[in-house]
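1. The following block contains a protein sequence and its predicted model.
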Amino acid sequence: MPKTIAYIYTDPLLETTPVSIDWGREVDVVYGDLGGRSQLQQLLKDCETTSGDCLLVRRLEELGDNVQEVSDRLNHLTSCGVTVIAIEQAYNSENSHLRADLLKLLYEIQRQQRSRRIRQGHARNRLEAAPPPGKPPYGYRRGKGKYTLDRSTSPVVKDFFDHFLLYGSLRGAVRHLGKKYGKKISVTTGKRWLTNPVYRGDTAYQNGEIISDTHVSIISREEAAQIDRILRRNSRLSPRAASAPRSLAGLVVCQQCQSSMTITRVTQRHQDKEYLYLRPINCPQRPKCRAIAYQEILERTIEKVCCDLVPAVAGLNSPQLDVIKSSLKEAIARQQSILEQLPNLVETGVLDAETGKLRAYKLRTEISQLQAQLATLPPVNLLSVAQAVSIPQFWLDLSEAERRFYFREFIKQIEIVRQDSDWELQVIFIF
């Protein structure tokens with residue numbers, strides 16, 4: 001009795017075997033191959049003993065690795081009286097008028113398989129943790145299957161990162177490169193540098209997957225985590241405020257009119273002295289909320305930080321945070337342990353070489369994801385840092401740019417609460 005059969009081919013380098021497929025009809029037997037073609041050979045042999053069967057495939061190219069193989073197997077199945085239907089290509093071998101369409105389809109298969117071979121080559125490079133095609137990022141050059149430091153340009157990149165970590169200003173770091181090295185880059189390029197996994201010792205691929213620790217890094221894991229925190233807090237500010245030299249820029253809001261405050265500079269004729277004020281940008285009040293001396297708000301902000309920061313940090317759910325960190329570290333250790341066992345499993349024949357490489361690649365990408373989750377958590381020494389910056393003398397010894405860095409590390413917003421002719425400050429911390 002004629003029956004309906006189906007065949008699925010999965011290339012483990014490029015895809016995973018689908019859990020279920022809607023064939024559009026009831027299927028009696030499903031043959032499936034992962035990498036090899038042994039089940040396809042069995043299917044062809046079984047079709048020789050029966051006739052009138054219907055074979056369903058997703059696409060005709062699953063029947064072979066090239067056009068010749070696909071064509072030969074189609075002819076073989078047709079000679080056995082098997083109807084071949086490709087559900088994703090609207091192909092049915094019973095329709096004789098589709099001969100011209102089949103030629104077009106075979107040409108399309110040839111093009112698709114050429115593309116597949118290129119993607120397979122890239123996938124094999126990923127299994128070897130080799131860099132993707134293209135020019136290496138500035139600061140690196142290509143070595144033997146990995147990125148190696150370019151001794152002439154990597155110090156420039158390192159200085160860029162150091163300047164950003166010190167002052168927290170992307171535009172400032174870009175200007176610094178231009179002044180010190182004559183290296184002119186755009187702000188967009190600078191931001192790409194800050195987020196590029198290559199500078200952290202990782203290799204990123206077009207499919208979005210990242211493999212950690214593939215080459216020598218320019219910045220450490222701790223520095224990378226701090227850069228991510230700075231970028232997240234700067235994203236809440238306007239680009240102009242994020243790079244402004246004044247420490248309170250972009251942080252102060254008038255609670256009464258809900259307007260952000262901008263810093264204005266006032267000078268007197270024939271005098272060098274300048275006066276700084278914070279005034280609302282878009283105040284709807286009549287009369288408008290008055291400006292307040294910048295130095296007064298700065299001093300009261302420092303007082304508030306020294307008084308309130310340590311209790312705020314202590315109020316964090318540290319035990320739960322420690323549990324999360326411990327859990328992530330244990331998961332990373334487990335994956336590392338399995339990764340270390342793979343060479344022995346390949347050597348003893350438990351796994352073949354290609355399966356071992358696929359498993360190693362999967363483990364390394366999972367480790368990278370776990371490390372990324374770990375990096376987003378607050379630093380372990382947050383309380384000790386908070387205690388250090390709660391000393392008034394600490395703030396007096398800092399420049400405005402350095403104060404800006406620490407303010408943005410801890411403060412989400414500073415609200416001016418007006419009370420008749422007086423005012424108070426309310427400092428809202430990030431955590």
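-> Perfect, I can see it now. Please read these numbers as outputs of a predicted model, since none were measured by experiment.

2. Mind pulling the model confidence for the residue lying closest to residue 40 once chain neighbours are set aside?
-> Counting by CB to CB, 6 or more residues apart in numbering, the nearest residue to residue 40 once its immediate chain neighbours are dropped is residue 33, at 5.8 Å. (C-beta placed from N, C-alpha, C; glycine too.) Residue 33 is assigned a predicted lDDT (pLDDT) of 88.

3. ok now the worst-scoring helix or strand of the chain on mean pLDDT, how far from the chain's centre?
-> The helix or strand of the chain with the poorest confidence is helix 239-242; it has a mean of 72 (mean pLDDT, DSSP states H and E). Here helix 239-242 is found 24 Å from its chain centre; the criterion is CA atoms, centre = their mean, to the nearest Å.

4. Restrict that helix to CA atoms and write it as CSV.
-> Only the C-alpha atoms of helix 239-242 are listed here, as CSV (Å, rounded to 0.1, in the frame of the first residue of the first chain):
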residue,chain,number,x,y,z
PRO,A,239,25.1,63.6,24.3
ARG,A,240,26.1,67.1,25.2
ALA,A,241,25.6,66.6,29.0
ALA,A,242,27.4,63.2,28.9
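
5. So which elements touch the next helix or strand after that helix?
-> Next in sequence after helix 239-242, counting helices and strands by DSSP states H and E, comes strand 252-254. With contacts taken as 3 or more CB pairs under 8 Å, 6 or more residues apart in numbering; DSSP states H and E, strand 252-254 sits against strand 261-267, strand 411-419.

6. looking at these, which is closest to residue 255?
-> Closest approach to residue 255 among the helices and strands packed on strand 252-254 is made by strand 411-419 (4.5 Å; CB to CB).

7. Which positions in stretch 134-143 come out as buried?
-> 137-140 (16 or more other CB atoms under 10 Å).

8. Distance across that stretch, terminal residue to terminal residue?
-> Its first and final residues considered, stretch 134-143 spans 13 Å by CA to CA, to the nearest Å.

9. Same question for stretch 80-92.
-> From its first residue to its last, stretch 80-92 covers 15 Å (CA to CA).

10. which stretches of the stretch 51-200 of the chain form strands?
-> Using DSSP state E, counting those that start in this stretch, the strands of the stretch 51-200 of the chain run over 54-57, 83-86, 91-92, 140-142, 147-149.

11. can you tell which of those is closest to residue 158?
-> Closest to residue 158 of the strands of the stretch 51-200 of the chain, according to CB to CB: strand 147-149, at 9.7 Å.

12. ok, and what's touching that closest one?
-> 131, 136-137, 139-142, 198, 203, 214-216, 218 (CB atoms under 8 Å, 6 or more residues apart in numbering).

13. what does stretch 281-290 give?
-> With contact meaning CB under 8 Å, 6+ apart, stretch 281-290 is reached by 254, 256-257, 259-262, 279-280, 418.

14. one more time with 10 Å
-> 253-262, 277, 279-280, 416, 418, 421, 423 (CB atoms under 10 Å, 6 or more residues apart in numbering).

15. and if you look at stretch 217-229?
-> With CB under 10 Å, 6+ apart, stretch 217-229 has contacts from 137, 139-140, 147, 149, 154-155, 157-158, 160-162, 164-165, 168, 193-202, 212-213, 371-372, 374-379, 408-409, 430.

16. The residues you listed in helices, which ones?
-> Members of the contacts of stretch 217-229 lying in helices (criterion: DSSP state H): 154-155, 157-158, 160-162, 164-165, 193-195, 371-372, 374-375, 408-409.

17. Buried ones only from the residues you listed, please, as a PyMOL command.
-> Here is the PyMOL command that picks out the buried ones among the ones in helices among the contacts of stretch 217-229, judged by 16+ other CB under 10 Å:
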select buried, resi 154+157+158+160+161+164+165+193+194+371+372+374+375+408+409
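
18. for the stretch 301-431 of the chain, what are the low-confidence residue spans?
-> By pLDDT under 70, the low-scoring segments of the stretch 301-431 of the chain are 316-319, 379-381.

19. buried stuff in the strand or helix carrying residue 327?
-> Residue 327 belongs to helix 318-347 when assigned by DSSP H and E. Residues of helix 318-347 classed as buried: 328, 331-332, 335, 339, 342, 346 (neighbour count, 16+ other CB under 10 Å).

20. how far is it from where the chain is centred?
-> How far helix 318-347 lies from its chain's middle: 21 Å, per CA atoms, centre = their mean.

21. which helices and strands does that helix pack with?
-> Applying 3 or more CB pairs under 10 Å, 6 or more residues apart in numbering; DSSP states H and E, we find helix 318-347 packed against helix 353-375, helix 382-389.

22. Go through the ones you listed and name the closest to residue 72.
-> Comparing the helices and strands packed on helix 318-347 under CB to CB, the one sitting nearest is helix 353-375, at 25.9 Å.

23. Using PDB, write out every CA atom in that closest one.
-> Taking C-alpha atoms only, helix 353-375 is exported to PDB below (Å, rounded to 0.1, in the frame of the first residue of the first chain):
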ATOM      1  CA  ALA A 353      36.600  15.100  15.900                       C
ATOM      2  CA  GLU A 354      33.900  17.200  14.300                       C
ATOM      3  CA  THR A 355      31.300  16.500  17.100                       C
ATOM      4  CA  GLY A 356      33.900  17.300  19.700                       C
ATOM      5  CA  LYS A 357      34.600  20.700  18.000                       C
ATOM      6  CA  LEU A 358      30.800  21.400  17.700                       C
ATOM      7  CA  ARG A 359      30.400  20.600  21.400                       C
ATOM      8  CA  ALA A 360      33.400  22.800  22.400                       C
ATOM      9  CA  TYR A 361      32.100  25.700  20.300                       C
ATOM     10  CA  LYS A 362      28.600  25.400  22.000                       C
ATOM     11  CA  LEU A 363      30.200  25.300  25.500                       C
ATOM     12  CA  ARG A 364      32.500  28.300  24.800                       C
ATOM     13  CA  THR A 365      29.600  30.400  23.600                       C
ATOM     14  CA  GLU A 366      27.500  29.400  26.700                       C
ATOM     15  CA  ILE A 367      30.500  30.400  28.900                       C
ATOM     16  CA  SER A 368      30.600  33.800  27.100                       C
ATOM     17  CA  GLN A 369      26.900  34.400  27.800                       C
ATOM     18  CA  LEU A 370      27.300  33.500  31.500                       C
ATOM     19  CA  GLN A 371      30.400  35.800  31.800                       C
ATOM     20  CA  ALA A 372      28.300  38.600  30.200                       C
ATOM     21  CA  GLN A 373      25.600  38.100  32.800                       C
ATOM     22  CA  LEU A 374      28.100  38.200  35.500                       C
ATOM     23  CA  ALA A 375      29.700  41.400  34.200                       C
END
